[in-house]
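Engineer: give the three-dimensional model of this entry:
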Amino acid sequence: MADDLGYNDLGFQVSTNVKIPDLDKLAANGVVFTDAHTTASICSPSRTGFITGRYRQRFGHEANCPPKAKVMDTSEFTMGQAFQTLNYKTFMVGKWHLGDQDEYYPTNRGFDEFWGLREGSRSYFYNEEKSDKTHSKNFHKIEHNGQQVKFEGFLTDRMTDQAIRMINETEKPFFMFLSYTAPHDPLQATESDLQKAQNKPYWALIQNMDDNIGRLVKFLENKQIRKKTVIWFLSDNGGTCSTALNIPLNGKKGIKFEGGQRVPMLINCPGVIPAGKTITGLTSAMDIFPTSYALAGGKVTPKPLDGVDIQPFISGEKEGNPHDVLYWRKLEGAAIRSNDWKLIRSEGLPPMLYNLKNDLSERNNLAKTQPEKVSQLLKKLESWERIGQASVGRRQTIHQNQKRDVYQIS
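Structural biologist: Have a look, this model is predicted:
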């Protein structure tokens, strides 16, 4: 998972700014999703939707943590826990951002081993004056299973080192969430990477990440497990800095326009996943959980998933949209995608309506000329919001009775 990557900052997304031969190769020999979305346009709730396979409104996680009220509830069943039930070794490397306190720590949420940072972003270099201050409230420092560690060189390189080490130390099947901080700010890079990226730090961060992905793939090949290893790639949300490229999408990180949560996404596994295929149907990062779990032989999860197993679309058995409708909400703003139609509702403003088939850049607001469509989508959105409110209310009641993991919403 990349962090704050622009929709068109990659070669297989038609950008020519950055050289990413390794991601391009994964795309050319795998399946690319052109209408894939995260569940939020900001980091923490987006990651929550991905790792639970559920809308995070079901448990009240709408905004960025660290406030304790805005974290992934401990009653939720994570992808790591799912793979542990299948006797997989589970690894988490990089940015967590799903709760700072120990009860939310990755090793308490389904991962056997963790190397990374609990929260947000940090320097790409070791810095004892800032990111790596030694005190208990510093959640940007690098930790290994709860213990602060020092590192040398560039952080993205060291994350890949740890990923390779973890895989190399187990003979069991494994699930790894490799969560790079690149290309999130600060825009820092090594001199050698800058020279390869026309002295553009943002481009250098992406290019370095691609180099590291290539290094990891090469390791899997040398270990002779590449053909057994399914690789997904995506960003946690849209690009944010002035150098990120979301065009032709409108908007950026934090905004309900497509540029906020439509992201590059691919899946690759030689001999298992078809090569050179593009899926244009409406897809969600929530689908990674049920699809991966099913590929590994998993059957049932304790809670219903909002993501779907998209293997039939990958194989060609089905065509069209894996999801007819997707929803988003963050505090004062909400949105709904229903096939080609997109409605955005923002507090204090009239609704905005777009037909993405004819207007991918969301420039032509059709709300005044399509009042019936506005009303229809608002009703769907409000109905979905009531389910989320009911879930949160039910969760609070259960917590008071200290009876967790017993509710389900069909």
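Engineer: pLDDT weak spots in this protein?
Structural biologist: Residue ranges of the chain with pLDDT under 70: 67-70, 388-410.
Engineer: again, only this time at 80
Structural biologist: Within the chain, the ranges that satisfy pLDDT under 80 run 65-70, 241-242, 387-410.
Engineer: next, the residue nearest the centre of it: phi, psi?
Structural biologist: In the chain, the C-alpha nearest the mean C-alpha coordinate belongs to residue 236, at 3.6 Å (Cα atoms, centre = their mean). Per-residue torsions, residue 236: phi -80, psi -20 (degrees, to the nearest 10).
Engineer: pretty sure it is touching residue 39, no?
Structural biologist: No: with contact defined as Cβ atoms under 8 Å, residue 236 does not count as touching residue 39 (10.0 Å). For glycine as for every other residue, the C-beta is placed from the backbone atoms N, C-alpha and C.
Engineer: now list whatever residues contact both of these two.
Structural biologist: 46, 50 (Cβ atoms under 8 Å, 6 or more residues apart in numbering).
Engineer: assign a three-state SS to the residue located most distally from the centre of the chain, would you?
Structural biologist: Residue farthest from the centre of the chain, counting by Cα atoms, centre = their mean, is residue 369 at 35.3 Å. Look at residue 369: counting by DSSP: H, G, I helix; E, B strand; the rest coil, its state is coil.
Engineer: with residue 209 instead?
Structural biologist: helix.
Engineer: tally of neighbours for it?
Structural biologist: 27 (other Cβ atoms under 10 Å).
Engineer: what of residue 46?
Structural biologist: Applying other Cβ under 10 Å, we find 30 residues neighbouring residue 46.
Engineer: how far away is it from residue 176?
Structural biologist: To residue 176, residue 46 is 19 Å away according to Cβ to Cβ, to the nearest Å.
Engineer: repeat for residue 264
Structural biologist: 20 Å.
Engineer: got the phi and psi for the closest residue to residue 71 other than its chain neighbours?
Structural biologist: Distances taken as Cβ to Cβ, 6 or more residues apart in numbering place residue 99 nearest to residue 71, at 3.8 Å, with adjacent residues excluded. Backbone geometry at residue 99, expressed as degrees, to the nearest 10, gives phi 130, psi 130.
Engineer: ok, now which ones touch residue 99?
Structural biologist: 65-66, 68, 71-72, 105, 118.
Engineer: filter the residues you listed down to the buried ones and hand me the ChimeraX line.
Structural biologist: ChimeraX command restricting the contacts of residue 99 to the buried ones, with burial defined by 16 or more other Cβ atoms under 10 Å:
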select :65,66,71,72,105,118
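Engineer: let me know the closest of the contacts of residue 99 to residue 381.
Structural biologist: For the contacts of residue 99, the minimum distance to residue 381 (Cβ to Cβ) is 23.3 Å, reached by residue 72.
Engineer: measure the residue nearest to residue 71 to residue 149 for me?
Structural biologist: Taking Cβ to Cβ, one finds residue 99 at 20 Å from residue 149.
Engineer: can you redo the contacts of residue 99 as TSV with distance to residue 243 and secondary structure?
Structural biologist: Compiled in TSV, the contacts of residue 99 are given as follows (distance: Cβ to Cβ, whole Å; DSSP: H, G, I helix; E, B strand; the rest coil):
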residue	distance to residue 243	secondary structure
65	27	coil
66	28	coil
68	34	helix
71	31	coil
72	31	coil
105	34	coil
118	27	coil
